[in-house]
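Q: How does the following fold in three dimensions:
(4 chains)
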Number of protein chains: 2
Amino acid sequence: MSKESVSIGLSAAIVSVEGEHPSVLVVAHDAVEDALPFGPFDPAQQRTLESGLRKWVGEQTRFDLGYTEQLYTFGDKGRHASAAGTRVVSVGYLALTRQGKEAPETQWRGWYHYFPWEDWRDSKPLMIESAILPALKKFVKDAPNSETAEQRRERVNVCFGEGWDEERVLERYELLYEAGLVEEFWRDSGKPNKGGLGTAMLYDHRRILATAIARLRGKLKYRPVVFELMAPTFTLLELQRAVEALAGLRLHKQNFRRLVAEQGLVEGTGKFSAPARGRPAELFRFRREVLRERPAPGVRLGVRRSKAS
Amino acid sequence: MSKESVSIGLSAAIVSVEGEHPSVLVVAHDAVEDALPFGPFDPAQQRTLESGLRKWVGEQTRFDLGYTEQLYTFGDKGRHASAAGTRVVSVGYLALTRQGKEAPETQWRGWYHYFPWEDWRDSKPLMIESAILPALKKFVKDAPNSETAEQRRERVNVCFGEGWDEERVLERYELLYEAGLVEEFWRDSGKPNKGGLGTAMLYDHRRILATAIARLRGKLKYRPVVFELMAPTFTLLELQRAVEALAGLRLHKQNFRRLVAEQGLVEGTGKFSAPARGRPAELFRFRREVLRERPAPGVRLGVRRSKAS
DNA sequence: ACAATAATACTCATTTCGAGTATATATGTG
DNA sequence: CACATATATACTCGAAATGAGTATTATTGT
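A: This next block holds a predicted model:
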């Protein structure tokens, strides 16, 4: 049928949180750009895609992946390898772990290096008003016709306008890409140009990472995934800081505890932390049982629980 | 590296709702089993996976896909083709449309043919108590050791126990598969055996459909996707019936309207339906604008909206 | 003793949700 | 035409969830 052949690339966004810093594991495949651990899928050796991923993520990073989740399969021409001949379709994964025991050629890097506009914990990032919005305004203005201009205006508004939706990480990255505000855009179109927003990554790895962050921010709200990133015991503030780090938002302390407590997500250990200052906080542990308990967390569609209508 | 080569298969679960019946478009690739429209990805011709899908779903079914969404990429050995030589990795898509203009070799079939245990609109399907649970009890009992028995017990409980979570469609199908209660399991293991639960499909197509239903049922709750399936104007009851058909649950009528109205999802047209009996209902249309308005629908994590903590 | 800091408890108004009742507008029947 | 039946739509009400605080308690450092 075609001369071009396909190969499948597996990439993993391996995420951890240390204190207030969400990080992703990057490897030095290439001296120039940061890369996610990745490699080809070998159908002869591997029964499933995930086992393929685990196997050589293990080799490359010495990591034993715990929680993993498939994110998305990207196959756009020109956004992966510029290597001629075979087309790479890349399947991205999200993995959650705790730090420790990684290989020497790997490195944890804060994910907001790649997405500085996504961290709203202290305040709305200044670059949005100073750099992003003016450039996007230009992008709208440069539209070839008024219809695309209108579409662009809408996208800009959804992504960076009133009402920050912390989950739209991928949408925002894609908009910045198309508007030529990230380095990858210029690299992919063959006109390298340093100095886009945030730190660039190899191939489409920043896109995969954006997908990972978006998915994780969404999932946080309805599945107890944060605990994969926590130590066996932790204080409620540590838990809150981890969630805040991931969501890129500040939470209301008292209400956060209420929520966590009411949902039965944690149980006290009776032990206490020894903080530098202030009252010691109780150490909690995750109640693994909840995974079996709560059926549907938020149903939001007026479901009826009785008989007649 | 390996002798086996990979090819990428694209499959689409094309969904529509007619009245109270959610359906999926099946084609007669094979006289024996129902199949989703599918075919190989041609990297030489196609720039993106989705354009590949659109192109020849168009050829095969004469359909112009509207809303589409990538679901998942399956690569398990033995669950796609038994054809030797090349390994097929299949990328599944969900597409939403309205009926009309499909090709002659295709057919709309109610999706509950494939998943009869998923329709709880009238009552809890009897087969759960009469057939599924007894068989799963046996599956638990037949576990090789007490640890897997415990894991199986938990899975059975999450999938079919107290508290029906209508989104766990895939989890339930996979459990039934592993327990040998669906025909595909026996076919894939080389011991064909008619008479599993529900209607079987070609390859892993029932798994893809399960993923599609699960995704759609989830998305329903936080994105206005139902409207892709509705006529340009509709009554609120028609809308409710469509949602119920997809979710496999009954909703509370008055609260459903309140929700829809409050969220500004629809606007009245001033026209009215002419029903056989009863008071005529106003015809509504979807307010496309909401796509740009509401930022994050359900945040559920105690987000702070003021200044200090 | 007391300032500073953090943990934890408790309050309160508002909104959302589930479940109903009440009323309005059709049709068909005697 | 009165009225049974069917549906649409409006409104009520209590319970729970949510957002935003204030109050109190337990520490350390001075």
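Q: What distance do you get for A:Phe41 to B:Ile8?
A: Taken as Cβ to Cβ, to the nearest Å, the spacing of A:Phe41 relative to B:Ile8 amounts to 11 Å. Where you see a C-beta, it was placed from the backbone N, CA and C, and this is true even at glycine.
Q: Now list whatever residues contact both of these two.
A: Common neighbours of A:Phe41 and B:Ile8 (criterion: Cβ atoms under 8 Å, 6 or more residues apart in numbering or on different chains): A:Ile8, B:Val89.
Q: so where do the helices sit in the stretch 1-150 of chain A?
A: Counting by DSSP state H, counting those that start in this stretch, one finds helices in the stretch 1-150 of chain A at the ranges A:49-61, A:126-127, A:133-141, A:146-160.
Q: May I see the ones you listed organised as TSV, with mean neighbour count, mean pLDDT and distance to chain B added?
A: Converted to TSV, the helices of the stretch 1-150 of chain A look like this (neighbours: other Cβ atoms under 10 Å in any protein chain shown; pLDDT from 0 to 100; distance: least, Cβ to the nearest Cβ, whole Å):
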stretch	mean neighbour count	mean pLDDT	distance to chain B
helix A:49-61	19	89	4
helix A:126-127	12	96	18
helix A:133-141	15	98	14
helix A:146-160	16	93	5
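Q: out of those helices, which comes closest to A:Val243?
A: With Cβ to Cβ, the closest approach to A:Val243 among the helices of the stretch 1-150 of chain A belongs to helix A:146-160: 22.8 Å.
Q: Which strands or helices does that closest one pack on?
A: Packed against helix A:146-160, as judged by 3 or more Cβ pairs under 8 Å, 6 or more residues apart in numbering or on different chains; DSSP states H and E, are the following elements: helix A:133-141, helix A:169-178.
Q: State the pLDDT value of A:Gly161.
A: As predicted, A:Gly161 sits at a pLDDT of 87.
Q: how many other residues sit next to it?
A: When neighbours are counted by other Cβ atoms under 10 Å in any protein chain shown, A:Gly161 registers 14.
Q: Can you check the distance spanned by stretch A:245-252, start to finish?
A: Across stretch A:245-252, the straight-line distance between its terminal residues is 14 Å, by Cα to Cα, to the nearest Å.
Q: Give me the contact status of that stretch with chain B.
A: Yes. For a cut-off given as Cβ under 8 Å from any Cβ of the partner chain, stretch A:245-252 has contacts with chain B, namely A:Ala247, A:Leu249, A:Arg250, A:Leu251, A:His252.
Q: Just the buried subset of the residues you listed, please.
A: When the residues of stretch A:245-252 next to chain B are checked for burial by 16 or more other Cβ atoms under 10 Å in any protein chain shown, the buried set is A:Ala247, A:Leu249, A:Arg250, A:Leu251, A:His252.
Q: and A:Ile8, how far is that from A:Gly92?
A: From A:Ile8 to A:Gly92 the distance is 12 Å (Cβ to Cβ).
Q: do the same with A:Leu220
A: Remark: distance between A:Leu220 and A:Gly92 (Cβ to Cβ) = 18 Å.
Q: again, but for A:Ala135
A: Where A:Gly92 is concerned, A:Ala135 sits at a distance of 27 Å (Cβ to Cβ).
Q: cool, A:Pro22 as well?
A: 17 Å.
Q: ok, the two, which is more surrounded?
A: A:Gly92 (28 against 24).
Q: OK, contacts around the more buried one?
A: Residues touching A:Gly92, when contacts are defined by Cβ under 8 Å, 6+ apart, comprise A:Ser11, A:Ala12, A:Ala13, A:Gln70, A:Leu71, A:Tyr72, A:Thr73, A:Phe74, A:Ile208, A:Thr211, A:Ala212.
Q: With pLDDT added, can I get these in a markdown table?
A: Converted to a markdown table, those look like this (pLDDT from 0 to 100):
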| residue | pLDDT |
| --- | --- |
| A:Ser11 | 93 |
| A:Ala12 | 95 |
| A:Ala13 | 97 |
| A:Gln70 | 97 |
| A:Leu71 | 97 |
| A:Tyr72 | 97 |
| A:Thr73 | 96 |
| A:Phe74 | 92 |
| A:Ile208 | 96 |
| A:Thr211 | 97 |
| A:Ala212 | 98 |
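Q: Any chance of CSV for those residues, columns neighbour count and distance to A:Met201?
A: Shown next, in CSV, are the contacts of A:Gly92 (neighbours: other Cβ atoms under 10 Å in any protein chain shown; distance: Cβ to Cβ, whole Å):
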residue, neighbour count, distance to A:Met201
A:Ser11, 25, 10
A:Ala12, 28, 13
A:Ala13, 26, 10
A:Gln70, 18, 19
A:Leu71, 24, 15
A:Tyr72, 21, 16
A:Thr73, 21, 18
A:Phe74, 22, 13
A:Ile208, 26, 9
A:Thr211, 21, 13
A:Ala212, 28, 12
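Q: Could you verify my assumption that A:Thr106 touches A:Glu59?
A: No. With contact taken as Cβ atoms under 8 Å, A:Thr106 and A:Glu59 are classed as non-touching, separated by 11.7 Å.
Q: Which residue ranges of the stretch 201-309 of chain A form strands?
A: Secondary structure of the stretch 201-309 of chain A, counting by DSSP state E, counting those that start in this stretch: strands at A:266-272, A:282-286.
Q: Of the ones you listed, which stretch is the most buried?
A: Compared across these, strand A:282-286 shows the largest average neighbour count, a mean of 18 (mean count of other Cβ atoms under 10 Å in any protein chain shown).
Q: Mind giving me the packing neighbours of that one?
A: Counting by 3+ Cβ pairs under 8 Å, 6+ apart, strand A:282-286 packs on helix A:236-247, strand A:266-272.
Q: any bit of stretch A:228-247 sitting next to DNA strand D?
A: No. Figure legend: stretch A:228-247 not in contact with DNA strand D (Cβ under 7 Å from any atom of the strand); closest approach 12.9 Å.
Q: Number of residues surrounding A:Ala210?
A: One way to gauge burial is a neighbour count; for A:Ala210, by other Cβ under 10 Å, it gives 27.
Q: That one contacts A:Leu170, doesn't it?
A: Yes. Counting by Cβ under 8 Å, a contact exists between A:Ala210 and A:Leu170, whose distance comes to 4.5 Å.
Q: thinking again about what came up before, DNA strand D: which of the helices of the stretch 1-150 of chain A is closest?
A: Nearest to DNA strand D among these is helix A:146-160 (20.4 Å), distances taken as Cβ to the nearest atom of the strand.
Q: Check the offset of the closest one from the chain's centre.
A: With Cα atoms, centre = their mean, to the nearest Å as the basis, helix A:146-160 stands 24 Å off its chain's centre.
Q: Then stretch A:109-124?
A: Using Cα atoms, centre = their mean, the mean C-alpha position of stretch A:109-124 is found 12 Å from that of the whole chain.
Q: For that stretch, buried residues please.
A: Taking 16+ other Cβ under 10 Å as the neighbour-count basis, stretch A:109-124 is seen to contain the buried residues A:Gly110, A:Trp111, A:Tyr112, A:Tyr114, A:Phe115, A:Pro116, A:Trp117, A:Glu118, A:Asp119, A:Trp120.
Q: Can I get that stretch as PDB, trimmed to CA atoms?
A: Once side chains and other backbone atoms are set aside, the C-alpha atoms of stretch A:109-124 remain, and they are given as PDB (Å, rounded to 0.1, in the frame of the first residue of the first chain):
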ATOM      1  CA  ARG A 109      12.800  18.900  36.600                       C
ATOM      2  CA  GLY A 110      10.000  21.100  37.800                       C
ATOM      3  CA  TRP A 111       7.200  20.900  35.300                       C
ATOM      4  CA  TYR A 112       6.600  24.600  35.500                       C
ATOM      5  CA  HIS A 113       9.800  25.100  33.700                       C
ATOM      6  CA  TYR A 114       8.000  23.900  30.600                       C
ATOM      7  CA  PHE A 115       4.700  25.600  31.400                       C
ATOM      8  CA  PRO A 116       5.400  28.700  33.400                       C
ATOM      9  CA  TRP A 117       2.000  30.100  32.600                       C
ATOM     10  CA  GLU A 118       0.300  27.200  34.400                       C
ATOM     11  CA  ASP A 119       1.400  28.100  37.900                       C
ATOM     12  CA  TRP A 120      -1.200  30.300  39.500                       C
ATOM     13  CA  ARG A 121      -0.400  29.500  43.100                       C
ATOM     14  CA  ASP A 122       1.200  32.800  44.000                       C
ATOM     15  CA  SER A 123      -0.600  34.900  41.500                       C
ATOM     16  CA  LYS A 124      -1.600  35.000  37.900                       C
END
